[in-house]
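> Fold the following, please.
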Amino acid sequence: MQDMQTKPNGPVAAAFVAAGIGSLVLGIFVVLNEVSPDVSNFLKFDANYGLGAGVGPLSGKVFLGTAAFLVSWVALHLVARGKEVNFGRWFAAALILVFAGFALTFPPIFEFIVNLVPAAE
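Numbering: from 1, shown residues only. Take a look at the predicted model:
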């Protein structure tokens with residue numbers, strides 16, 4: 001009988017959690033876009049930086065969410081590289097982050113949060 005060697009699951013777990021972080025960052029910027037006109041203007045990467053012509057603040061939200069994914073993926077990969085991690089916990093963390101990010105993109109949720117924040121005058 002042969003011993004089957006398994007590869008460490010740390011890099012895969014890192015990618016899952018990084019995807020959750022990117023999702024959460026996207027959701028946070030959806031809320032911030034609605035709360036603050038200054039943030040909304042900053043997120044217009046199409047007008048400010050020429051990225052994604054004609055899509056307005058969506059260009060900034062997606063760019064920053066993607067950047068958060070990439071940066072966290074590199075950082076978590078370096079931490080978990082070559083390690084066997086408790087995949088269940090990492091996967092659960094990823095699911096929680098994705099769910100939170102996804103929830104923050106729904107209008108009833110982000111409008112509720114916007115109504116909790118006092119209007120800037």
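> centroid residue for the chain?
residue 22 (1.8 Å; Cα atoms, centre = their mean).
> Show me the shaky parts of this structure.
1-3, 119-121 (pLDDT under 70).
> coming back round to it: the residue lying closest to the residue nearest to the centre of the chain once chain neighbours are set aside: what's it in contact with?
Spatial nearest neighbour of residue 22, excluding adjacent residues (Cβ to Cβ, 6 or more residues apart in numbering): residue 69 at 2.9 Å. Where you see a C-beta, it was placed from the backbone N, CA and C, and this is true even at glycine. When contacts are counted by Cβ atoms under 8 Å, 6 or more residues apart in numbering, residue 69 touches 18, 19, 21, 22, 25.
> Now the buried members of those residues.
Buried members of the contacts of residue 69, scored by 16 or more other Cβ atoms under 10 Å, are 18, 19, 21, 22, 25.
> Surely the fourth one touches residue 72?
Yes: taking Cβ atoms under 8 Å as the contact criterion, residue 22 and residue 72 are neighbours in contact, 7.1 Å apart.
> follow-up on the earlier one: dump the buried ones among the contacts of residue 69 to TSV, plus distance to residue 89 and secondary structure.
Listed next are those as TSV, based on distance: Cβ to Cβ, whole Å; DSSP: H, G, I helix; E, B strand; the rest coil:
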residue	distance to residue 89	secondary structure
18	15	helix
19	16	helix
21	15	helix
22	19	helix
25	21	helix
